[in-house]
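**Student:** No sequence on hand, only this structure:
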């Protein structure tokens, strides 16, 4: 039997591989970008349909929207709605500075939560300049 360390109860380190930048953005960060960039409406990730039922300026509305997506994940069409929801964080980031801040914020949040390694990824196709 292993003895427990006196530090094990106070610190738990984690390693996260393949964490998606978009999916890891907090509702507060999303709302901040919507405010800064004057974004009131976004499209699904494929850019074909508007995302409705969420106030992009209200973190609680964003949180409730994502809770609904998570709750319906196993239902018919749930995975497609999940993929479509990526349009929210992608749609509110409009400047290179937004992408830089979102990356920095997640890395710092992960470190504060005990992560000793976080592999953060985003699709290069998502962030092409138009």
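**Tutor:** Alright, I've got the coordinates. The model shown is predicted, which means the values in this text are computed figures rather than measured ones.
**Student:** Let me see the ranges of the helices in this protein.
**Tutor:** Ranges of helices in the chain, per DSSP state H, are 21-24, 27-36, 59-71, 78-84, 87-92, 96-112.
**Student:** quick one: which of the ones you listed is nearest residue 50?
**Tutor:** Across the helices of the chain, residue 50 has its closest neighbour in helix 87-92 (8.9 Å, C-beta to C-beta). (Each C-beta comes from the backbone N, C-alpha and C, glycine too.)
**Student:** packing partners for the closest one?
**Tutor:** helix 21-24, helix 27-36 (3 or more C-beta pairs under 8 Å, 6 or more residues apart in numbering; DSSP states H and E).
**Student:** Can I get those helices in JSON lines including mean neighbour count and distance to residue 81?
**Tutor:** Converted to JSON lines, the helices and strands packed on helix 87-92 look like this (neighbours: other C-beta atoms under 10 Å; distance: least, C-beta to C-beta, whole Å):
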{"stretch": "helix 21-24", "mean neighbour count": "18", "distance to residue 81": "14"}
{"stretch": "helix 27-36", "mean neighbour count": "20", "distance to residue 81": "17"}
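**Student:** Please identify which of these is closest to residue 103.
**Tutor:** Of the helices and strands packed on helix 87-92, nearest to residue 103 by C-beta to C-beta is helix 21-24, at 6.4 Å.
**Student:** what does that closest one contact?
**Tutor:** The contact list for helix 21-24 (C-beta atoms under 8 Å, 6 or more residues apart in numbering) reads 86, 89-90, 102-103, 106, 120-122, 126.
**Student:** Filter those residues down to the buried ones.
**Tutor:** Among the contacts of helix 21-24, those classed as buried by 16 or more other C-beta atoms under 10 Å are 86, 89-90, 102, 106, 122.
**Student:** Any stretches of the chain with poor pLDDT?
**Tutor:** The chain contains residues with pLDDT under 70 at 1-11, 124-130.
**Student:** Out of the buried ones among the contacts of helix 21-24, which is nearest to residue 56?
**Tutor:** Nearest to residue 56 among those: residue 89, at 10.2 Å, using C-beta to C-beta.
**Student:** Many thanks, I have nothing further to ask.
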